[in-house]
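> need a structure here:
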Amino acid sequence: MLAFCLSILLLITGNHVTTKNENVMKFELMQLPYDTGALAPVIGQQTVELHHGKHLKAYVDKLNELIPGTKFENADLETIVKESDGAIFNNAGQILNHNLYFTQFSPNGGGEPVGPLAEAINATWGSFEAFKKEFVDSGVSLFGSGWVWLAKDNTGKLSIAKEANGSNPVVKGLTPLLGFDVWEHAYYLDYQNKRVDHLNELWKIIDWDVVSKRY
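Numbering: from 1, shown residues only. Predicted coordinates:
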């Protein structure tokens, strides 16, 4: 009888036994928009390869392992970050964070923003230089691992948000625009314990066109 039922099932499904987990959303490791050595010397090739190819890949693999059978198995990344906790939140948050992080850089970056984002920064901090100083100071003062973000609310008002570990401003209803990673794996090979030097150098590779589009 069992063999007969299995035969009927195979016939109905086109000789393929489907399972619930086959329809689970699978997240993929994002592709870098530049070569791994393109951001040197601000971020060295070995750091990019480890940060993207090892750390971020581990978060992606772990999230894909965790979500089957949960209410998040077909949710988008931002929804997972907003509504989850524990290990699912930690891994989803780090994927969202790093996707924003790696795409905000360019080997041809640097300079200052223009247009509405520049106007908003000047209105909030008085000048771009004043904003940069407060942003770096916030990253330096964040204890342990985490992120510092330039974020906006739904009115376009800007703020600097410090998030511990893998959290992201979306949990506070904000939109992340620019994020600096202050986990040691983001900078230790290039700057050792000199976090402030790392943060000050990152401005040289910011792609303000990308960041401005997020605003």
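
> now the residue most central in space within the chain: how far from residue 91?
Per C-alpha atoms, centre = their mean, the C-alpha nearest to the average position across the chain is that of residue 97, at 1.7 Å. Relative to residue 91, residue 97 is positioned 11 Å away (C-beta to C-beta, to the nearest Å). All C-beta atoms are positioned from the backbone trio N, CA, C, and that covers glycine.

> Please apply the same query to residue 188.
From residue 188 across to residue 91, the span is 21 Å (C-beta to C-beta).

> Those two: which has the busier surroundings?
Taking neighbours as other C-beta atoms under 10 Å, residue 188 and residue 91 compare with residue 91 leading, 25 against 15.

> so where is the protein shaky, pLDDT-wise?
Scanning the chain for pLDDT under 70 picks out 1-25.

> Which residue ranges of it form strands?
Using DSSP state E, the strands assigned to the chain run over residues 146-152, 158-164, 175-181.

> Deepest in the core, which of the ones you listed is it.
strand 146-152 (a mean of 23; mean count of other C-beta atoms under 10 Å).

> tell me what it is packed against?
Contacts defined by 3 or more C-beta pairs under 8 Å, 6 or more residues apart in numbering; DSSP states H and E place strand 146-152 against helix 128-141, strand 158-164, strand 175-181.

> Can I get the last one in CSV, CA atoms only?
Listed in CSV are the C-alpha atoms of strand 175-181, where the atom choice follows Å, rounded to 0.1, in the frame of the first residue of the first chain:
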residue,chain,number,x,y,z
THR,A,175,16.1,54.4,6.8
PRO,A,176,19.8,53.7,6.8
LEU,A,177,21.8,55.8,4.3
LEU,A,178,25.5,55.3,5.2
GLY,A,179,27.0,52.8,7.6
PHE,A,180,30.5,52.3,9.0
ASP,A,181,31.3,48.8,10.4
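
> That one - contacts with which helices or strands?
Contact here means 3+ C-beta pairs under 8 Å, 6+ apart; on that basis strand 175-181 packs against helix 86-103, strand 146-152, helix 208-214.
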